[in-house]
Structures are given as structure tokens and as C-alpha cells.
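Asker: Predicted coordinates and the sequence they were generated for:
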Amino acid sequence: MKKLFAVLVLSFSFSGVMAEYKVPPSHSSRSSGGVISDKQMEQCVILYNQILQLEDELNRTVVNRYSEYSVNSYNNKVQQHSNYVARFNAQCANKQSRSACEQANKLNRANGLPETPCR
């Protein structure tokens, strides 16, 4: 059974404080979805973390349903999240990289953040 990645997230914006990069989930089985390059996996790690950050922002968002601007802004964020998830599912889900953890650590190092031990 394929492991599907689904997150309900509606919006994305950087708060100026970069959170530590996390390694996206992968599915290991005999019927792998394929191995992708380290550069592609780096982009998957970035995209996955954008999804998580957007999810966090959406979970904290209070929408004023009497304000057209507030509703439209929220809906735009929801659409952006849907686009991110669709892109992640198409390009990254069920893919493996020999160095996904190393790619996350590379991004953390570049941003002065702590590294995670790789297994």
C-alpha cells in the first residue's frame, strides 16, 4: 500500500524566523516509487517544510468572514497549500534519496540551525 502524504494547509508566509528543516516522510518497500537525485530531494525537503510552515500559519489564522479581503486572503493561502501538496505528491511522494537527511542538514547548516543525526 502506498503511503500518501496529505496535509490540510491553506496559506504560506515567512515570519522571518526560519524553523529547522525536517526530512519528509518516505516509504520503503519492495515497490519503491523510484530514487531521485540529491538536488531533487533538496527541493522536496524545501517544499515539505514550506507545507509544514503554511499548515502552522493556517492553523493559527482567524478569518473575519465579514471581510471580503480576509476571506479572499485565506482562500488564496488554501489554494497555495493545495498547489504545494499536489506538487509534493507528484514529484516527491514515495520517492527515496540516499541522502534526504544529509540534504536537510545541509539546509540547516546554511541557515545556522542545528543538525539532526542521520540513521
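Answerer: It's in.
Asker: sec struct for the residue sitting furthest away from the middle of the chain, please.
Answerer: Largest separation from the mean C-alpha position in the chain: Tyr66, at 30.9 Å (C-alpha atoms, centre = their mean). The assignment at Tyr66 comes out as coil when based on DSSP: H, G, I helix; E, B strand; the rest coil.
Asker: again, but for Lys22
Answerer: Applying three-state DSSP to Lys22 yields a three-state assignment of coil.
Asker: Leaving out sequence neighbours, find the closest residue to it.
Answerer: Asn49 (6.0 Å; C-beta to C-beta, 6 or more residues apart in numbering). Every C-beta, even on glycine, is put in place using the N, C-alpha and C of the backbone.
Asker: Might you report the residue contacts of the residue farthest from the centre of the chain?
Answerer: By C-beta atoms under 8 Å, 6 or more residues apart in numbering, no residues touch Tyr66.
Asker: Read off the pLDDT value for it.
Answerer: Per-residue pLDDT puts Tyr66 at 96.
Asker: same check, this time on Ile46
Answerer: pLDDT for Ile46: 93.
Asker: in this structure, which helix or strand is least confident?
Answerer: helix 100-110 (a mean of 83; mean pLDDT, DSSP states H and E).
Asker: So what's the gap between that helix and the chain middle?
Answerer: 14 Å (C-alpha atoms, centre = their mean, to the nearest Å).
Asker: in that helix, what's buried?
Answerer: Ala100, Cys101, Glu102, Gln103, Ala104, Asn105, Lys106, Leu107, Asn108 (16 or more other C-beta atoms under 10 Å).
Asker: quick one: the helices in this protein?
Answerer: Counting by DSSP state H, the chain has helices at residues 38-60, 68-91, 100-110.
Asker: Just the CA coordinates for the last one, please, in CSV.
Answerer: Included here for helix 100-110 are C-alpha records, laid out as CSV according to Å, rounded to 0.1, in the frame of the first residue of the first chain:
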residue,chain,number,x,y,z
ALA,A,100,17.5,13.1,2.4
CYS,A,101,18.7,13.5,5.9
GLU,A,102,22.0,15.0,4.6
GLN,A,103,20.1,17.4,2.4
ALA,A,104,18.0,18.6,5.4
ASN,A,105,21.2,19.0,7.4
LYS,A,106,22.8,21.0,4.6
LEU,A,107,19.9,23.4,4.6
ASN,A,108,20.0,23.7,8.4
ARG,A,109,23.8,24.4,8.3
ALA,A,110,23.3,27.1,5.6
